[in-house]
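**Q** Fold the following for me, if possible:
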Amino acid sequence: MTQLLADIFDNAFAYVNDDGGRASTGRKGSAGDCGVRALAIATGASYSDCYAELSQANKNAGHAKSARNGIFKDVYNKVLSRHGWVWHPAPKFDGRKARCSDMPRGTVIARQSRHFVAVIDGVPHDTFDSSEKMVYGYWAKL
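**A** Down below sits the predicted model:
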């Protein structure tokens, strides 16, 4: 019975709806800014500061000076590395792919297919439920 209760509790919070502070900056509608949201949530930095840093990094890499429509993973990796985050491949399992719930305890940023998400204690913090999407790997703070 104890394991059943643990399973129910673990699955009770599939995700936490969190925009990383985007709405509080006056931005409206939706955008492909998952990298900004994940960085803001994971670091506690302001959405505006994260947006500015990622936009500049995108421009420095020869892309548009914007983070609204996404960030290339190599650009994102450089920014996170500069802040002391280290890349780790996702854990391996027989018969299934890694998901957010498989991430280590604490705060990490997971890379999924065309998506970045802040994961805190195995729970994704995002504007939608990405808990069942496959995780390729994650960045963790040193």
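**Q** Does the residue nearest to the spatial centre of the chain belong to a helix, a strand or coil?
**A** Nearest to the geometric centre of the chain sits residue 117, at 1.9 Å (Cα atoms, centre = their mean). In three-state terms, and counting by DSSP: H, G, I helix; E, B strand; the rest coil, residue 117 is strand.
**Q** so it bridges to which residues?
**A** In this entry, residue 117 is beta-bridged to residue 110, by DSSP bridges.
**Q** dump the residue contacts of it.
**A** 34, 38, 100, 109-110, 124-126, 130 (Cβ atoms under 8 Å, 6 or more residues apart in numbering). The way it works is simple: take the backbone N, C-alpha and C, and place the C-beta from them, glycine included.
**Q** With respect to residue 49, which of those residues is nearest?
**A** The shortest approach to residue 49 among these belongs to residue 38, at 13.9 Å (Cβ to Cβ).
**Q** how close does that closest one sit to residue 18?
**A** From residue 38 across to residue 18, the span is 10 Å (Cβ to Cβ, to the nearest Å).
**Q** Pick out whichever of these two has more residues nearby.
**A** Applying other Cβ atoms under 10 Å to residue 38 and residue 18 shows that residue 38 carries more neighbours, namely 29 against 18.
**Q** Tell me which stretches of the chain form strands.
**A** According to DSSP state E, the chain carries its strands in the segments 16-17, 85-89, 107-112, 115-120, 123-126, 135-141.
**Q** I'd like these laid out as a markdown table, including mean pLDDT.
**A** Formatted as a markdown table, the strands of the chain follow (pLDDT from 0 to 100):
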| stretch | mean pLDDT |
| --- | --- |
| strand 16-17 | 96 |
| strand 85-89 | 98 |
| strand 107-112 | 98 |
| strand 115-120 | 98 |
| strand 123-126 | 98 |
| strand 135-141 | 98 |
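**Q** would a markdown table of those strands with distance to residue 23 be doable?
**A** As requested, the strands of the chain are arranged in a markdown table below (distance: least, Cβ to Cβ, whole Å):
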| stretch | distance to residue 23 |
| --- | --- |
| strand 16-17 | 11 |
| strand 85-89 | 25 |
| strand 107-112 | 20 |
| strand 115-120 | 16 |
| strand 123-126 | 14 |
| strand 135-141 | 25 |
